[in-house]
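Undergrad: how does the following fold in three dimensions:
(one chain, ligands or ions: 1)
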Amino acid sequence: MLNFFTREQLNQYCSTRDGEQRLGQALSLPDTKLNLVEQLAQSKAAGCRFVLLGVPEDIGPRANLGQGGADKGWSAFLSKFVNLQSNHFIAAGQILLLGEIHCADLQQQATVDIQQPQQLSQLRQCVDTLDNRVAAVVQAIFAAGLLPVVIGGGHNNSYPIIKALSQASGQQVNCANLDPHSDFRPLEGRHSGNGFSYAWHEGMLKHYFVLGLHELKNSAATLAQLQQAGGEFCSYQRIFVRQELNYQQALDLCIDNVVQGSGDIGIEVDTDSISLMPVSAFTNCGISVQAAEQFVYQLAKLPRSRYLHLAEAAPAQHPAGLAAGVNEAGQVLSALVLAFIQGKKDQAIAI
Ligand SMILES: N=CN[C@@H](CCC(=O)O)C(=O)O
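TA: Residues are numbered from 1 along each chain as shown. Predicted structure coming up:
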């Protein structure tokens, strides 16, 4: 249920220029003769640290009654990332461009009328099927001692990633989530709004902190359930409207929360936290790209942070159209991946 990335695909994204080497020309690609476990072991032995994995789906946001388009986030990322320059600022050889979760069949099944309860329930079943595919591949990456960077699709994919990390590490996972939404909606069938409530309900999530939560984009029931689970947050309004603390102080609260205990740490970014980002739930009342980069960078510096997940980018939702959306989403996603790689390079010895 994983499609390895091929040289032919890469050539479609990567433009070359004499005298320059682009990231796409320097990073590693899988050997299609190997199976996933063999590939990951070989990559690890060859000095790889980061594994790029795409999830080209938007069934999660649609099963959450939201807008589609998150299936194109991965390709937008690739179109920008592989054309960045390869130079001494980045160890491109440490990056494996693994491929993408096979989603085409699920995407095809997802042309349903969500107003019909039975069809909505079918769509949520498809998300459940997707969960199993994502969890299996991500668990293999963790088991190989590598750091997955999961891009594209809805925020529903937080659940299988947390599950994979919890199973690979044998303990509950802590998560820092940059998001206006807590994604702690009821257990009503899987979708992009309940990845963390499902993970908590199944005993896989321990310390959970939402940075930049929007006070009026979370239902009273969701907030009550979050509180009952011991989840914490620092709201967008506390930081930017009432100015009770500054962004760095809020980020420090987040870090202090997720370093508790001994669990591995997940770095989750719903890109709908970023102002003007083309996403399923568009906002112009969000944070800056630089603030999101700082979130990723500072959390990546923690030795126990084990993955980066970038969700919800939906290029077609850009007000100026798809081409502008691909440009914007591709650049922002690339910047956040680079912040993660930089943070791991500057990682502290131990916390
Ligand atoms: N992952 C996003 N979750 C949001 C989506 C909101 C929207 O689509 O408008 C939520 O469930 O509230």
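
Undergrad: how about the residue in the stretch 201-350 of the chain that the ligand sits nearest to, what does it touch?
TA: Closest to the ligand within the stretch 201-350 of the chain is A281: 3.5 Å, counting by CB to the nearest ligand atom. To be clear about C-beta, it is placed using only N, CA and C from the backbone, and glycine gets the same treatment. A281 sits next to G66, Q67, P180, H181, D272, E312 when contact means CB atoms under 8 Å, 6 or more residues apart in numbering.

Undergrad: helix or strand: which one has it?
TA: Secondary structure from DSSP states H and E places A281 outside every helix and strand.

Undergrad: tell me the phi and psi of it?
TA: phi -120, psi 80 (degrees, to the nearest 10).

Undergrad: about what we covered before: let me have the contacts of A281 in JSON lines, extended by neighbour count, secondary structure and pLDDT.
TA: Formatted as JSON lines, the contacts of A281 follow (neighbours: other CB atoms under 10 Å; DSSP: H, G, I helix; E, B strand; the rest coil; pLDDT from 0 to 100):
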{"residue": "G66", "neighbour count": "23", "secondary structure": "coil", "pLDDT": "96"}
{"residue": "Q67", "neighbour count": "17", "secondary structure": "coil", "pLDDT": "95"}
{"residue": "P180", "neighbour count": "24", "secondary structure": "coil", "pLDDT": "98"}
{"residue": "H181", "neighbour count": "25", "secondary structure": "coil", "pLDDT": "98"}
{"residue": "D272", "neighbour count": "28", "secondary structure": "helix", "pLDDT": "97"}
{"residue": "E312", "neighbour count": "34", "secondary structure": "coil", "pLDDT": "98"}
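
Undergrad: when you check the ligand, which of these turn up near it?
TA: G66, H181 (CB under 6 Å from any ligand atom).

Undergrad: any idea which of the contacts of A281 is closest to G93?
TA: The shortest gap between G93 and any of the contacts of A281 belongs to E312, at 30.1 Å (CB to CB).

Undergrad: and the furthest pair within the contacts of A281?
TA: Greatest spatial distance among the contacts of A281 (CB to CB): Q67 and P180, at 14.9 Å.

Undergrad: K206: helix or strand, and which one exactly?
TA: Element membership of K206 [criterion: DSSP H and E] is strand 205-213.

Undergrad: mean confidence score for that strand?
TA: Strand 205-213 shows a mean pLDDT of 98.

Undergrad: that one packs against which elements?
TA: Other helices and strands packing on strand 205-213, by 3 or more CB pairs under 8 Å, 6 or more residues apart in numbering; DSSP states H and E, are strand 173-178, helix 195-201, strand 232-235, helix 247-258.

Undergrad: that strand and the ligand, any residue contact?
TA: No: using CB under 6 Å from any ligand atom, we find that strand 205-213 stays clear of the ligand, coming within 10.7 Å at best.
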